[in-house]
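>>> Structure, please.
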Amino acid sequence: MALVQPPQDRAWREFTRTLLLAMAGLFVAYLGLAVVVDPYDTGRSTLLSRGAVRPQGPRTASALRGRDPAYSGAVIGNSHIQLIEPAALTRLTGIPFVQLSVPATGPAEQFALLGWYLKHHAQPDAIVLSADAFWCSDDPTFPSEHGFPYWLLGDGPTYLQGLLRFTAAQETINRLGWLLNPRRKQAASDGWWDYESNYLSQGFGRDPAKKAALERTVGPEPEPHHGGPFPVADRLRAELARVPAETAVVLVFPPVYARAEPPAGSPRGAAEAACRAEVRSALAVHPLNTVIDGRAGRPEAANPDLFFDQTHYRLPLAQSLTGEIAAGIVRLRTQAKD
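Below is the predicted model:
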């Protein structure tokens, strides 16, 4: 004799099934909406793309800037090269430049941005890379203490998984609001951000404690995990293999304040020099390359008025460096034509 389920059990089962179906429907509806809205304008859906950058941090804004066909030149690094003004490079070279630098990133994030840029620019005119101390780690994964949205630059499944997070859901709503606003604000399309005022507002250049920190000398021993070997050299070779031979590649060793240079003949000095030498050797695999060495004992490095801290230089030094980068690009492109 078959058991007859009580009405209450049948009701609960029906309720549970309805609830699960509703949740599944909401999930599919949200994911469909997020894909269409494309909250960070990655170009995977262009239905609502407006060709303008919604105000946001460079970590996510680089997804749009890096795919913008208007820019055949790119600057990639972190805050140690972020003051290189793309419009100035454009004016000096004739190449439309975009600034893709993201603060607090290292080689892993920067090579991901390079890959994204190359994916959308088959024949770029020039690429500028910044090789700072973060490149000289002995860990081939180049770990970072700060998060980075690799999923924005990833393949289909990775991107869809990335949309299933609270911040992405928030940005989906924020982008809809931005799109519906007839007076919507826009960020600089070329990624230019002069952060001098931010540093000055924090007391750099005036605060006695910050001035004293600028004058501290570094020790003779390498920092932990920065004594070698340097796997960035092999990684750089692999990345450069994706760059067209006709593309001018400029690698910059960004300047540091004189007190941040290790003592002559010290193990730290030898390790840092060895890292830069390996990076130079790796760069040489690309036929159209040059190095702008901000660590070559330049006189400006001893001027405290040109630095916020020991590794962040101010706009006047950045402008001088911009001229050197531009001259290097022009020289390489002239060489390629001869």
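
>>> The residue lying closest to Tyr159 once chain neighbours are set aside: neighbouring residues, count only.
Nearest-residue entry for Tyr159: Trp151, 5.9 Å, with adjacent residues in sequence omitted and distances by C-beta to C-beta, 6 or more residues apart in numbering. C-betas here are computed from N, CA, C, even on glycine. Using other C-beta atoms under 10 Å, Trp151 has 18 neighbouring residues.

>>> and the residue nearest the centre of the chain, helix, strand or coil?
Nearest to the geometric centre of the chain sits Val102, at 3.6 Å (C-alpha atoms, centre = their mean). Secondary structure, DSSP: H, G, I helix; E, B strand; the rest coil: Val102 is coil.

>>> The closest residue to it other than its chain neighbours and Gly66, how far apart?
Nearest non-adjacent residue to Val102, counting by C-beta to C-beta, 6+ apart: Pro58, 4.8 Å away. Noted for Pro58: a distance of 10 Å to Gly66, by C-beta to C-beta, to the nearest Å.

>>> Quick check on those two: which one has the bigger neighbour count.
Ranked by neighbour count (other C-beta under 10 Å), Pro58 and Gly66 place Gly66 first, with 27 against 21.

>>> which outside residues touch the strand or helix carrying Ser320?
Following DSSP states H and E, the helix or strand that holds Ser320 is helix 315-337. Identification of contacts with helix 315-337 by C-beta atoms under 8 Å, 6 or more residues apart in numbering yields 73, 83-85, 88-89, 92-93, 95, 125-126, 128, 194, 196, 246, 248, 250, 252, 254-255, 288-290, 292, 294, 300, 306-307, 313.

>>> Can I have the buried ones of those residues as a ChimeraX selection?
Remark: buried members of these, expressed as a ChimeraX selection using 16 or more other C-beta atoms under 10 Å:
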select :73,83,84,85,88,89,92,93,95,125,126,128,196,248,250,252,254,255,288,289,290,292,294,300,306,307,313
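
>>> related to what we said a few turns ago, from what I can see the residue nearest to the centre of the chain touches Thr60, true?
No - using C-beta atoms under 8 Å, Val102 is not in contact with Thr60, being 9.5 Å away.

>>> circling back to that earlier point, what do Pro58 and Gly66 both touch?
Common neighbours of Pro58 and Gly66, counting by C-beta under 8 Å, 6+ apart, are Leu100.

>>> can you pull out the strands in the stretch 51-200 of the chain?
73-76, 97-99, 126-130 (DSSP state E, counting those that start in this stretch).

>>> Rebuild those strands as TSV, extending it with mean pLDDT and distance to Leu113.
Converted to TSV, the strands of the stretch 51-200 of the chain look like this (pLDDT from 0 to 100; distance: least, C-beta to C-beta, whole Å):
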stretch	mean pLDDT	distance to Leu113
strand 73-76	98	5
strand 97-99	98	11
strand 126-130	98	10
